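Enquirer: No letters, just coordinates:
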C-alpha cells in the first residue's frame with residue numbers, strides 16, 4: 001500500500017484516528033508526553049515521535065513543551081476525540 005503521513009494532514013482528510021490518538025496520549029499521560037508524527041499504511045502506524053513536557057528522553061526529535069504546543073496549535077477535536085470525551089486543550093495567544 002501507499003505510505004502516508006497521517007498526523008500532519010488536515011483533520012477532514014482521510015481519517016481522524018491518528019489525531020485522536022495523539023490527543024489521547026497527552027490526556028492519558030496527564031500532560032507529561034504526546035505521541036505524534038504517525039505515519040504508515042492503512043491501519044499500521046509507524047515511526048512515531050514522542051514529545052515530553054520536560055524535553056528529555058525519546059531521542060533528538062523530542063521537541064519538549066514546544067512540540068506539544070505545536071501539535072495543539074493545529075489540532076481540532078474530531079468525532080473520535082469527542083466520543084472519548086477528551087478535554088479540549090486551549091491554545092495560548
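Expert: Nice, thanks for sending it over. This structure is a prediction, so every number in the text was calculated from the model and none was measured.

Enquirer: Can you verify my assumption that residue 23 contacts residue 86?
Expert: Yes - under the criterion of CB atoms under 8 Å, residue 23 lies in contact with residue 86, with a separation of 5.2 Å. (Glycine included, C-beta is placed from N, CA and C.)

Enquirer: Compare these two and say which one has the larger neighbour count.
Expert: In terms of neighbours (other CB atoms under 10 Å), residue 23 is the more surrounded of residue 23 and residue 86; the figures are 25 against 17.

Enquirer: before we move on, the earlier item: overlap of the contact sets of residue 23 and residue 86?
Expert: residue 77 (CB atoms under 8 Å, 6 or more residues apart in numbering).

Enquirer: Residue 71 - how many residues pack around it?
Expert: Residues within reach of residue 71, counting by other CB under 10 Å, total 21.

Enquirer: mind checking the SS state of it?
Expert: Put simply, residue 71 is helix when judged by DSSP: H, G, I helix; E, B strand; the rest coil.

Enquirer: The nearest residue to it once chain neighbours are set aside: neighbouring residues, count only.
Expert: The spatial neighbour of residue 71 that comes closest, neighbours along the chain excluded (CB to CB, 6 or more residues apart in numbering), is residue 36 at 5.3 Å. When counting by other CB under 10 Å, one arrives at 24 neighbours for residue 36.
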